[in-house]
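> what's the 3D shape of this:
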Amino acid sequence: MSNPHDIPQSGQRLVWVLSYDGPVEDLNAELISSTGFAEALGLWVPPASEAVEWFDLAAMTDYGFARYLEEASGFDIGDDAEKLDALEGVVVMLYSTGLNAKETRLAPEPPFALIGRYGMPLDLSPIEKIESDSAAGLLPQGKPPKSPARISGMVATLVLVFLAAFVALFVWIGG
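Okay, here's the model as predicted:
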């Protein structure tokens, strides 16, 4: 297995789970977008704020943090379920989608500590064509375009209605 500190350019959606030794109130969008936050993680550029998630694990005791990562977020946590559910305090989740493409390594310093890196493939495998009688059929077809003859007939009808109204108006005025 590769080093969890490395930031691979593999086309996988990854998340790094970091513990934070401080109050959750100290984490905010301003801090996340600051160079101090980037330096504390060993990054050159601050990550995109929408790619950083943080919360106090006390709020997840009923659902479980491992379950949140695996079921709700779709990451493969391997055998780390017990380790993740045993965590306490504040965690920060850093998604690879918000990192600068040139970043190669994550090297967190206190008050942050790396718990682990978890991934899932970005691309789904292609669906094989189904070759059964029940899969055969036609998609519903839309209305065919109007033919020039039909359009001409509609225009002629409109002209005749207009002429009839025009003649009726003159007969009424003259009469």
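> which helices and strands does the worst-scoring helix or strand of the chain on mean pLDDT pack with?
When each helix and strand of the chain is scored by mean pLDDT, DSSP states H and E, helix 29-32 comes last, with a mean of 78. Using 3 or more C-beta pairs under 8 Å, 6 or more residues apart in numbering; DSSP states H and E as the contact test, no helix or strand touches helix 29-32. (Each C-beta comes from the backbone N, C-alpha and C, glycine too.)
> and stretch 54-69, average pLDDT?
On average, the pLDDT along stretch 54-69 is 88.
> tell me the buried residues in that stretch?
54, 57, 60, 65, 66, 67, 68, 69 (16 or more other C-beta atoms under 10 Å).
> contacts for it?
Around stretch 54-69, the neighbours that count as contacts under C-beta atoms under 8 Å, 6 or more residues apart in numbering are 15, 17, 20, 24, 27, 75, 77, 80-82, 84-85, 87-93, 118.
> out of those residues, which are buried?
For the contacts of stretch 54-69, buried by 16+ other C-beta under 10 Å: 15, 17, 20, 24, 27, 75, 77, 80, 84, 90-93, 118.
> flag every buried residue along stretch 30-38.
For stretch 30-38, by 16+ other C-beta under 10 Å, it's 32, 37, 38.
> endpoint to endpoint, that stretch covers what distance?
Stretch 30-38 has an end-to-end distance of 12 Å (criterion: C-alpha to C-alpha, to the nearest Å).
> OK, contacts around residue 85?
64, 65, 66.
> looking at those, which one is closest to residue 109?
Closest approach to residue 109 among the contacts of residue 85 (C-beta to C-beta): residue 65, at 22.9 Å.
> what's the spacing between the closest one and residue 131?
Distance, residue 65 to residue 131, by C-beta to C-beta, to the nearest Å: 44 Å.
> got the contact list for the spatially most central residue of the chain?
In the chain, the centroid-proximal residue (C-alpha atoms, centre = their mean) is residue 97; its distance is 10.1 Å. Contacts for residue 97 (C-beta under 8 Å, 6+ apart) come out as 13, 48, 51.
> same thing but 7 Å
Shown in contact with residue 97 (C-beta atoms under 7 Å, 6 or more residues apart in numbering): 13, 51.
> from residue 40, how far out is residue 109?
On the measure of C-beta to C-beta, residue 109 and residue 40 end up 5 Å apart.
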